[in-house]
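Requesting a structural model of the entry that follows:
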Amino acid sequence: MHVVAVSVAKGNSWGFAKNIVPLTADPEEYLSWIGDLASGLRVSNFILRRGRTLLWDFHRRAFAGLPVALVGHNPEIPGVRPSSQWTELKEILRHHRFFVHTADPQFEDGYNMATLEAMAAGLPVLGNRHPTSPVIHGVNGFLSDDPAELNAFARALLADRELAGEMGRAARQTVLDKFSGEAFRTCMVEAIRAGQETWRTEGGSSRFRC
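Below you'll find the predicted structure:
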């Protein structure tokens, strides 16, 4: 068996630090950002059950009193539902002003696939400071470990659609630069070659797991 991880942190947590195949999102597959809805957005499943990992208490304090929609399978939270399909999610993304991702650096990466999708769709990202976050503070989003400060950054984006659009364009560029399809293909080919070598060395079948 040959194991592939989507980030260094996840690979290290499993004890497999080689053959990292990074996540990718293609901005060309997303709709043009509008940002006409003065609301933040977070996409996450079972967020209450993963509250410690995703810093849910910090999220609630940081965005208290602000419109921030939650999309995902969260049966414990009334009125919250997942998008019915990818086309609906893309519509949701294009209308919101910013995206939120918070995570404890001890347990989770500073981004996930939903974060990259939001950036590819042209949304700036707000969250806590994290060593693996793709957010450059003040360029493609805002980072702070102070809930009150993050709240102020969110209010600035809610009040200024042009600012959100400018930072969102920088977020799209970040995805192109750091999470490109080409990087994914290159790393996956390397992983496949490593798996083939493992198969030849061990004389057995090789299975891939991400």
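
Name the helix or strand of the protein that has the lowest mean pLDDT.
Least confident helix or strand, the chain: strand 208-209 with a mean of 47, by mean pLDDT, DSSP states H and E.

Tell me which helix or strand Phe99 sits in.
Per DSSP states H and E: Phe99 is located in strand 96-100.

Any chance you could list what contacts that strand?
Contacts with strand 96-100, where a contact means CB atoms under 8 Å, 6 or more residues apart in numbering, come from 35, 37-43, 59, 63, 68-69, 93, 114-115, 118-119, 123-127, 141, 154, 157-158, 161, 164. (Glycine included, C-beta is placed from N, CA and C.)

buried subset of those?
Taking 16 or more other CB atoms under 10 Å as the criterion, what is buried in these is 35, 37-38, 40-43, 59, 63, 68-69, 93, 114-115, 118-119, 123-127, 141, 154, 157-158, 161, 164.

Among those, which ones are in helices?
Counting by DSSP state H, the part of the buried ones among the contacts of strand 96-100 found in helices is His59, Leu93, Ala114, Thr115, Ala118, Met119, Ala154, Leu157, Leu158, Arg161, Ala164.

shouldn't Gly35 be in contact with Glu166?
No. Distance between Gly35 and Glu166: 10.8 Å, which falls outside the contact criterion (CB atoms under 8 Å).

for the chain, longest helix please?
In the chain, assigned by DSSP H, the helix with the most residues is helix 181-202.

just checking, what packs against that one?
When contacts are defined as 3 or more CB pairs under 8 Å, 6 or more residues apart in numbering; DSSP states H and E, helix 181-202 packs onto strand 2-3, strand 208-209.

State the mean pLDDT of the following helix or strand past the first one.
Later in the chain than strand 2-3, the nearest helix or strand by DSSP H and E is helix 8-14. Per-residue pLDDT over helix 8-14 has a mean of 73.

Contacts made by helix 8-14 with the rest, please.
Helix 8-14 has contacts (CB under 8 Å, 6+ apart) with Val3, Ala5, Ala17, Lys18, Asn19, Ile20, Glu108, Asp109, Thr132.

Help me confirm that Thr102 comes into contact with Gly127.
Yes. Contact between Thr102 and Gly127 holds when scored by CB under 8 Å: they sit 4.9 Å apart.

residues of stretch 122-138 that come out buried?
Buried, per 16+ other CB under 10 Å, within stretch 122-138: Gly122, Leu123, Pro124, Val125, Leu126, Gly127, Asn128, His130, Ser133, Pro134, Val135.

ok, now stretch 73-83?
Under the neighbour-count criterion of 16+ other CB under 10 Å, stretch 73-83 has Asn74 buried.

quick one: pLDDT of Met1?
We have a pLDDT of 62 for Met1.

how does this structure divide into domains?
As assigned by automatic domain parsing, the chain contains the domains 2-22+182-209, 27-177.

mean confidence score for the longest strand along the chain?
Scanning the chain for the strand with the most residues, using DSSP state E, yields strand 37-43. The average pLDDT within strand 37-43 is 98.

This completes my enquiry, with thanks.
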